[in-house]
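Enquirer: Just a sequence and a predicted model for now, questions to come.
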Amino acid sequence: MKKSSTGSHLILVLGGAASGKSQAALDRAGRRGPKAFVATGQALDGEMKTRIARHRETRPADWITAEVPRDLAGWFRAEAQGYRTVVVDCLTLWLSNVCGRRMAGAEMVPRVEELLQAIRGTKARVVLVSNELGFGLVPTSRSARAFRDVAGRVNQQIAGAADEVYFVISGQSLKLK
């Protein structure tokens, strides 16, 4: 998908767990407001509540936070026109929320395309954060391997459509595209 004439600009920031990708995404987002931070994580346990609170503390006060665990395309169509900058953190949690334990990669292709079209329908600078799961050991369970494979294909689809792609390692960003 090509950049739309409306002026949207899509950036993908990839990295491993605790690599610094969320901060790199905020850095790439720029200073133009109004700004929205779209969180896909859900506080389903105490550890996740603590993690979400820690992430909130790192964001400047001028960011509006929207919690959107599943319907990202719907949020972009309904809400994104009001923002010049949007950060979505993260696609991997969104994928987990959407798919649950049922991993059907072919079903994700049109869903990701719908998301990309919704993003391109905005004038915003959009930064998507996602985990790169392919550098670790091969998971021992079938469902974990299926999730890793679907996440890899989603990342490839988003990266192919993105205007810029960055990989973050130990807090250092490497521009791939």
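Expert: Arrived safely, thanks for sending. Model, not experiment: these values are computed from the prediction.
Enquirer: need the helix or strand of the chain with the lowest average pLDDT.
Expert: helix 46-58 (a mean of 80; mean pLDDT, DSSP states H and E).
Enquirer: which ones are touching C99?
Expert: C99 makes contact with M108, F147, V150, according to C-beta atoms under 8 Å, 6 or more residues apart in numbering. From N, CA and C alone the C-beta is placed, and that goes for glycine too.
Enquirer: Tell me which of those fall in helices.
Expert: M108, F147, V150 (DSSP state H).
Enquirer: ChimeraX command for the buried members of these?
Expert: The following ChimeraX line selects those of those that are buried, judged by 16 or more other C-beta atoms under 10 Å:
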select :108,147,150
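Enquirer: Show me the shaky parts of this structure.
Expert: Where the chain drops to pLDDT under 70, the residues are 1-6, 101-104.
Enquirer: those helices in it, which residues are they?
Expert: Going by DSSP H, the chain shows helices at 21-29, 46-58, 72-79, 91-99, 105-120, 142-161.
Enquirer: residue furthest from the geometric center of this structure?
Expert: T140 (25.8 Å; C-alpha atoms, centre = their mean).
Enquirer: ok, now which ones touch that one?
Expert: With contacts taken as C-beta under 8 Å, 6+ apart, T140 has no neighbouring residues.
Enquirer: Check H55 too.
Expert: S22, A39, D89.
Enquirer: For L12, see how far away the residue lying closest to the first one once chain neighbours are set aside is.
Expert: Just to be clear, that refers to S22. Spatial nearest neighbour of S22, chain neighbours left out: D89 (5.5 Å); criterion: C-beta to C-beta, 6 or more residues apart in numbering. For D89, the distance to L12 (C-beta to C-beta, to the nearest Å) stands at 12 Å.
Enquirer: before we move on, the earlier item: of the contacts of C99, which is the nearest to I52?
Expert: Nearest to I52 among these, counting by C-beta to C-beta, is F147 at 21.2 Å.
Enquirer: S141: how many residues sit nearby?
Expert: Per other C-beta atoms under 10 Å, the neighbour tally for S141 reads 8.
Enquirer: Now stretch 41-56: buried residues?
Expert: For stretch 41-56, a neighbour-count test (16+ other C-beta under 10 Å) marks G41, I52, H55 as buried.
Enquirer: Turn those residues into TSV, columns for distance to S96.
Expert: Formatted as TSV, the buried residues of stretch 41-56 follow (distance: C-beta to C-beta, whole Å):
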residue	distance to S96
G41	9
I52	15
H55	17
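Enquirer: and which of the residues you listed is nearest to L174?
Expert: H55 (22.6 Å).
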